[in-house]
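Asker: Sharing a sequence plus its predicted fold:
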Amino acid sequence: MNKAEKALYELNEMDELANGNSLIHHFSALIKLLVTIIYILTVMSFDRYNLSGLIIMAIYPYVLFQISGLSFTGCLYKLRFVLPLVLAIGIFNPLFDRHVFVVLAGIPVTYGWISFFTIAVKGILAISASYLLMATTKIDAICKAMRKLHIPSIITILLLLTYRYVSLMVEEVSVMTNAYHLRAPDQKGIHYTAWGSFLGQLLLRSMDRAKELYNAMMLRGYQGEFYYVDDQPVGLKDIMYFLIWIILFWLCRSVNVVQWIGSMFVR
Amino acid sequence: MIEFKEVSFQYSSERKVIDHVSFHIEKGESVGLIGANGAGKSTVMKLLLGLLEGEGEIRISDIPVNRKNLSAIRKICGFVLQNADDQMFMPTVYEDMIFGPRNYGLSKEETEKKIDEILRLLDIQDLKHRYNHKLSGGEKRMTAIATVLAMEPQILLMDEPTAALDPYNRRMVINIINKLPQTKIITSHDLDMILDTCDRVILLGNGKIVADGKCQDILSNQKLLEENRLELPLSFMYQKEKELL
Ligand SMILES: Nc1ncnc2c1ncn2[C@@H]1O[C@H](COP(=O)(O)OP(=O)(O)OP(=O)(O)O)[C@@H](O)[C@H]1O
Ligand SMILES: [Mg+2]
């Protein structure tokens, strides 16, 4: 397998995960989408120095990983390209914000560091929540749920096609890399003189294929709506799921649980 | 049923890929569309489906093929693409098969029943819950045919339906094509398959119709075929050898 094939394999694995059969998989897509959005908004709303309050929000991904049987390390592995970006967002905070917050074992911890960690944790939580949504819900079901929330169909089509387009593109990379290496057996990577044409070809080929694929969808009656996705009526268990999480999020947001527990011991 | 009147088409301005082509296909006919690589066979199919727009007039069941009627046309026509990879876009075979029928408003139960029937017909029940990206080329081709049959089209367009199939599956597809009562247009370089499935053949060469007539007549005309970079089907070749002996 070349690198692209591995990447493709990972991408396709998301589809397989989404086809799983855990309790979480059976909740209505609409509810899961709503909970995810509210979770991310709640996480984002924490103050940038409120690291101790934020930490408790990890309960949501923790519980979901447990119930769905998905592996957290698997998630980190899949997201290994995104995580550095998340860390990079707050990277300069420690340089600019040097007021000392607390001195721990002789090492001064500045507000800058606190806010850096807060941003990083926010990023990781938000990303793992999105990952959990994607790994427990089929993309078409997510799109259908978005349509129910009256998100314009152009956006859901774009989302769906991007999702499919990425794997097409990776597939083309893999085919082309193989074709290249079969004719340049002793070479590591792709020689820089071929980069231009390689990239050009890649774009043309994946555009062609995306067009064919879109045609294939149109030919089988696709017109921007998701009739082919089973309706998942929102039942009592979905409402319970929704309420439990919303109340928990609200509690975590309004009470600093870590501080609260801490204060019990101090007293 | 299908009417092609003086149709021309070009991808770029230099060369007409389809050049004033006219033909008429009756309901229930099976027509083989043959010709060398690049003769324009796939292009004719795409024109029929309104995926490409050319000059001239195309009508299907008396509906003119134009932008306004696309969804009506596509409801009537099922198209098996030359490249099965492009045909399958859902994660699993099952999801791919329900896509068309559900989009056209069939209920879940009806759809389920229908796809089970078709999977049985094609003898690929074991592929139902497999992932598309883990199928072999031939398995993909069989499931691609299944997805199209699931829509119960009145007209079947098949672009190289037996490419990449092993002899067993090839024979299976031939038998199924023969069982289907629909109007069919089939392109292939597998002339024996065309001989087994079609009554009529249209031979394309350089974007023009070179010959149009009975399957037996055209496919036994060695000179005509060889001028168009094709060969006599094997069955005719044996016949000829026997006559020589
Ligand atoms: N997207 C395109 N852009 C430009 N030219 C094209 C395109 N697709 C096909 N052609 C050209 O149009 C001509 C007819 O192509 P078409 O695909 O219809 O051939 P075909 O008869 O189906 O051949 P094959 O047996 O190889 O499938 C070819 O000369 C081809 O080079
Ligand atoms: Mg072709």
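Answerer: Perfect, thanks for sending it. Numbers count the residues shown, from 1 in each chain, chains lettered A, B, ... in the order given. Ligands and ions are numbered 1, 2, ... in the order given.
Asker: Name the residue of the stretch 101-250 of chain A that lies nearest to ligand 1.
Answerer: A:Asp208 (7.0 Å; C-beta to the nearest ligand atom). Every C-beta, even on glycine, is put in place using the N, C-alpha and C of the backbone.
Asker: Can you name the helix or strand that that residue falls in?
Answerer: Following DSSP states H and E, the helix or strand that holds A:Asp208 is helix A:195-219.
Asker: which helices and strands does the next helix-or-strand element following that helix pack with?
Answerer: Next in sequence after helix A:195-219, counting helices and strands by DSSP H and E, comes helix A:236-254. With contacts taken as 3 or more C-beta pairs under 8 Å, 6 or more residues apart in numbering or on different chains; DSSP states H and E, helix A:236-254 sits against helix A:29-45, helix A:59-68.
Asker: Can you list the buried residues in the last one?
Answerer: Read it as helix A:59-68. The neighbour-count check on helix A:59-68 (16 or more other C-beta atoms under 10 Å in any protein chain shown) flags A:Tyr60, A:Pro61, A:Leu64, A:Phe65, A:Ser68 as buried.
Asker: Packing partners of it?
Answerer: Contacts defined by 3+ C-beta pairs under 8 Å, 6+ apart place helix A:59-68 against helix A:72-78, helix A:111-136, helix A:236-254.
Asker: what pLDDT, on average, does it get?
Answerer: Here helix A:59-68 scores 94 as its mean pLDDT.
Asker: Just the angle for it relative to helix A:236-254, thanks.
Answerer: Angle of helix A:59-68 versus helix A:236-254, following axes from the mean of the first three to the mean of the last three C-alpha atoms, to 10 degrees, is 150 degrees.
Asker: Now the stretch 1-150 of chain A against chain B: closest residue?
Answerer: Per C-beta to the nearest C-beta, A:Asp15 is where the stretch 1-150 of chain A lies closest to chain B, at 3.7 Å.
Asker: any idea which residue sits dead centre in chain B?
Answerer: B:Met158 (1.3 Å; C-alpha atoms, centre = their mean).
Asker: Is it bridged to anything, and to what?
Answerer: Judged by DSSP bridges, the bridge partners of B:Met158 are B:Val80, B:Ile186.
Asker: pLDDT score assigned to A:Arg267?
Answerer: On the pLDDT scale, A:Arg267 is placed at 58.
Asker: sorry, back to before: now for the helix holding A:Asp208, which elements pack on it?
Answerer: Secondary-structure packing of helix A:195-219 (3+ C-beta pairs under 8 Å, 6+ apart): helix A:153-183, helix B:70-76, strand B:77-80, helix B:84-87.
Asker: Just the strands from chain B, written as ranges.
Answerer: Ranges of strands within chain B are B:2-9, B:18-25, B:30-34, B:55-60, B:63-64, B:77-80, B:155-159, B:183-187, B:200-205, B:208-214, based on DSSP state E.
Asker: could the ones you listed go into JSON lines alongside distance to ligand 2?
Answerer: Putting those into JSON lines (distance: least, C-beta to the ion, whole Å) gives the following:
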{"stretch": "strand B:2-9", "distance to ligand 2": "14"}
{"stretch": "strand B:18-25", "distance to ligand 2": "13"}
{"stretch": "strand B:30-34", "distance to ligand 2": "10"}
{"stretch": "strand B:55-60", "distance to ligand 2": "18"}
{"stretch": "strand B:63-64", "distance to ligand 2": "25"}
{"stretch": "strand B:77-80", "distance to ligand 2": "12"}
{"stretch": "strand B:155-159", "distance to ligand 2": "6"}
{"stretch": "strand B:183-187", "distance to ligand 2": "6"}
{"stretch": "strand B:200-205", "distance to ligand 2": "11"}
{"stretch": "strand B:208-214", "distance to ligand 2": "16"}
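Asker: Number of residues surrounding the closest residue to ligand 2 within the stretch 101-250 of chain A?
Answerer: Of all residues in the stretch 101-250 of chain A, A:Glu212 sits closest to ligand 2, at 12.2 Å by C-beta to the ion. Using other C-beta atoms under 10 Å in any protein chain shown, A:Glu212 has 19 neighbouring residues.
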